[in-house]
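K.L.:
any chance you can model this:
(chains A, B and C)
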Amino acid sequence: MEKQRRYWLLKSEPESYSIDDLQRDGSTYWDGVRNYQARNFMRDDMKLGDGILYYHSNTKPPGIVGIARVSREGYPDPSQFDEKSHYFDSKSSEENPRWIVVDVEFVAKLDETLSLPELKKDSSLEGLPLLRKGQRLSVQPVDAKHWRHILKRAGVKEAT
DNA sequence: GCCAACGTTGGC
DNA sequence: GCCAACGTTGGC
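P.N.:
Purely as a prediction, here's the structure:
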């Protein structure tokens, strides 16, 4: 059976790594995720070519700023082995790595941010995990119908 | 296994 | 800067 392409939302603080940084780099590995639920999504569910909504948090206004895609499936997060890294984890080992990254490739930057307040007002986006109260996960699933609606609103043609 | 204390996220 | 909502840690 043909595998269903899935869609995701990745949060990043633009001060640490923005959509402009991703555009400049072309692709990056999504390191530093230290939440098991988010880790599990990256390890088990994110597949090559999956669509990504790029979200800026902790900024004014927060919102969706671009589109990306998964360009490599889960592998051990190098930062967990680096003693100098903020993300170093002494309980992790090369033989039994605890944390996982995927590679993320730039696809498009939106002309305008789809801000969180705008997203909240959009009745078509009911049920989007991002809009749930208290939702802090930095890696979240997005339904195909929400993905299509958001890309349409943003005026982005699907680039895969 | 419970739960209080503490730390983090992230909108406002 | 505030604080709600979690997640984690560690004593018991």
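K.L.:
okay, buried residues for the top helix by length along chain A please.
P.N.:
Secondary structure of chain A per DSSP state H: the longest helix is helix A:144-154. Using 16 or more other C-beta atoms under 10 Å as the test for burial, helix A:144-154 gives A:146-147, A:150-151, A:153-154. Yep, even glycine has a C-beta here, placed from its N, CA and C like the rest.
K.L.:
show me what that helix is packed up against.
P.N.:
Judged by 3 or more C-beta pairs under 8 Å, 6 or more residues apart in numbering; DSSP states H and E, the packing partners of helix A:144-154 are strand A:7-12, strand A:51-56, strand A:63-76, strand A:100-115.
K.L.:
how about low-confidence regions in chain A?
P.N.:
In the predicted model of chain A, residues A:1-3, A:158-160 satisfy pLDDT under 70.
K.L.:
kindly recompute the last result at 80.
P.N.:
A:1-3, A:157-160 (pLDDT under 80).
K.L.:
got the residues of it near DNA strand B?
P.N.:
With C-beta under 7 Å from any atom of the strand as the criterion, chain A meets DNA strand B at residues A:11, A:13, A:57-59, A:62, A:116-117, A:120, A:136-138.
K.L.:
which of those count as buried?
P.N.:
Buried among these by 16+ other C-beta under 10 Å: A:11, A:62, A:116, A:137-138.
K.L.:
how close does A:K152 sit to A:S124?
P.N.:
Counting by C-beta to C-beta, to the nearest Å, the separation of A:K152 from A:S124 is 9 Å.
K.L.:
quick one: A:L116 from A:Q135, how far?
P.N.:
11 Å.
K.L.:
next one: A:A38
P.N.:
Taken as C-beta to C-beta, the span from A:A38 to A:Q135 is 12 Å.
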